[in-house]
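Novice: Sequence first, then the predicted structure:
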Amino acid sequence: MLVRSMAALALLALAGTAEVDAGERYWTPKAGSAERKAVLDAARLPVEKDLGQSVVFEVRTLRVTPDWAFLNGVPVRSDGKPIDYSKSIYAQDAEEDSFSGEAAVLLARDGRAWRLVTYSIGFGDVVWDSWDEEFGAPEWLWP
């Protein structure tokens, strides 16, 4: 695993497509890179389905490993305007003060593609604290 992770990081460093953290456990794909697009597209699908509208993410945290990807961000419309939650399954929640509008998405690599593991939208408390135990993702993946 360590050799595979180091090899992946070396390739990314040579390609100049990522910023690697000090511990070299994860990286953040650069804006405009194919890797970032693939991760965000995979994260976008379930969020768009729940919201019933197209979204882009204002990324707060994006961390990728050879096997996992974690996104924490705010879904917004493609023009940058806020999502109209009244047209979504979160309409009632959005009327309450505890709805954050944030999305957290955990993805796992399935061959060359990313597959959804779990996600949450509008959470009030940190939802990813148990994802390491529930899904086997490394706990250092979240902020």
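Specialist: Arrived safely, thanks for sending.

Novice: max-length helix in the chain?
Specialist: Longest helix in the chain, counting residues (DSSP state H): helix 34-51.

Novice: Pull the helix or strand following it out as PDB, backbone CA atoms only.
Specialist: Going down the chain from helix 34-51, the next helix or strand is strand 56-64, by DSSP states H and E. Output in PDB follows, covering the C-alpha atoms of strand 56-64 (Å, rounded to 0.1, in the frame of the first residue of the first chain):
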ATOM      1  CA  VAL A  56     -21.300  23.200  -8.700                       C
ATOM      2  CA  PHE A  57     -19.400  23.100  -5.400                       C
ATOM      3  CA  GLU A  58     -17.700  25.900  -3.500                       C
ATOM      4  CA  VAL A  59     -15.000  23.600  -2.300                       C
ATOM      5  CA  ARG A  60     -13.900  24.000   1.400                       C
ATOM      6  CA  THR A  61     -12.000  20.800   1.600                       C
ATOM      7  CA  LEU A  62     -11.100  18.300  -1.100                       C
ATOM      8  CA  ARG A  63      -8.700  15.500  -0.200                       C
ATOM      9  CA  VAL A  64      -7.800  12.600  -2.400                       C
END
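
Novice: For the longest helix of the chain, give the mean pLDDT please.
Specialist: What helix 34-51 shows for mean pLDDT is 96.

Novice: Same question for stretch 81-90.
Specialist: With pLDDT averaged residue by residue, stretch 81-90 scores 91.

Novice: outside of that stretch, which residues touch it?
Specialist: Applying Cβ atoms under 8 Å, 6 or more residues apart in numbering, the contact partners of stretch 81-90 are 50-53, 55, 75-77, 91, 93-94, 99, 101, 121-122. For every residue, glycine as well, the C-beta is placed using N, CA and C.

Novice: So among the residues you listed, which ones count as buried?
Specialist: The neighbour-count test (16 or more other Cβ atoms under 10 Å) marks Asp50, Leu51, Gln53, Val55, Pro75, Asp93, Ala94, Phe99, Gly101, Ile121, Gly122 as buried among these.

Novice: and which of the residues you listed is nearest to Trp68?
Specialist: Relative to Trp68, the closest of those is Ile121; by Cβ to Cβ it sits at 19.7 Å.

Novice: pLDDT score assigned to the closest one?
Specialist: Note on Ile121: pLDDT of 95.
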